[in-house]
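Asker: Structure for this input, please:
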Amino acid sequence: MALLAIGFWIGCATFFLLVTQILFNPDIVVGVSREIAGSISAAVLRRVFWITYLTGGTALFFLIVASFSGGKWPRRALALCVLLLGLNALNDLWILDRLNKIKLQKTNSGETPALKAQFELWHNISIGVYGAGMVMGGLAALCLLPAAGAPGKPKKSSK
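Answerer: Sure, this is the predicted structure:
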């Protein structure tokens with residue numbers, strides 16, 4: 001179940017990356033300003049964050065249950081899942097809030113080079129944190145793959 005939850009999250013996160021690539025590509029989307037595309041991306045991103053909380057929390061629950069049975073794989077995946085949720089919370093609760101405040105300042109006082117540079121900096125940090133979260137989710141899934149196919153010890157064949 002934990003592998004399924006993490007796999008679902010990775011699919012949603014990848015879908016978001018594809019959506020943003022389409023929204024900001026002027027050859028595909030014509031007549032949509034960067035501000036509108038950014039607003040759409042922010043709205044979709046909020047939902048991706050909630051999906052991460054749901055799927056990451058589900059995976060974390062099942063990994064905690066599995067960690068009581070021992071084994072190194074569930075514990076490693078559990079640690080990676082905690083990191084994934086921490087990075088998601090950092091991006092959702094702090095970085096995205098900071099970006100929204102900068103966008104509000106740009107709207108109220110006009111876009112200055114300093115505000116533009118500040119927005120670009122925090123946007124790049126947000127992208128990096130999001131990418132690191134995807135890596136954590138992928139590594140957690142990889143940690144669970146050996147455990148997914150073999151719940152017990154392999155049986156020896158008698159020849």
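
Asker: Quick one: list the elements packing against the one helix or strand in the chain whose mean pLDDT sits lowest.
Answerer: When the helices and strands of the chain are scored by mean pLDDT, DSSP states H and E, helix 2-23 comes last with a mean of 81. In this structure, helix 2-23 makes packing contacts with helix 34-67, helix 72-89, helix 113-149, judged by 3 or more C-beta pairs under 8 Å, 6 or more residues apart in numbering; DSSP states H and E. (Glycine included, C-beta is placed from N, CA and C.)

Asker: what sits against the residue lying closest to Thr112 once chain neighbours are set aside?
Answerer: Counting by C-beta to C-beta, 6 or more residues apart in numbering, Lys106 is the residue found nearest to Thr112 once chain neighbours are left out, at 7.9 Å. By C-beta atoms under 8 Å, 6 or more residues apart in numbering, the contact list for Lys106 reads Thr112, Leu115, Lys116, Phe119.

Asker: What score does the second one have for pLDDT?
Answerer: What it means is Leu115. Leu115 carries a pLDDT value of 91.

Asker: can you pull the contacts of Thr52?
Answerer: Applying C-beta under 8 Å, 6+ apart, the residues contacting Thr52 are Trp9, Cys12, Ala13, Leu84, Leu85, Asn88, Gly133.
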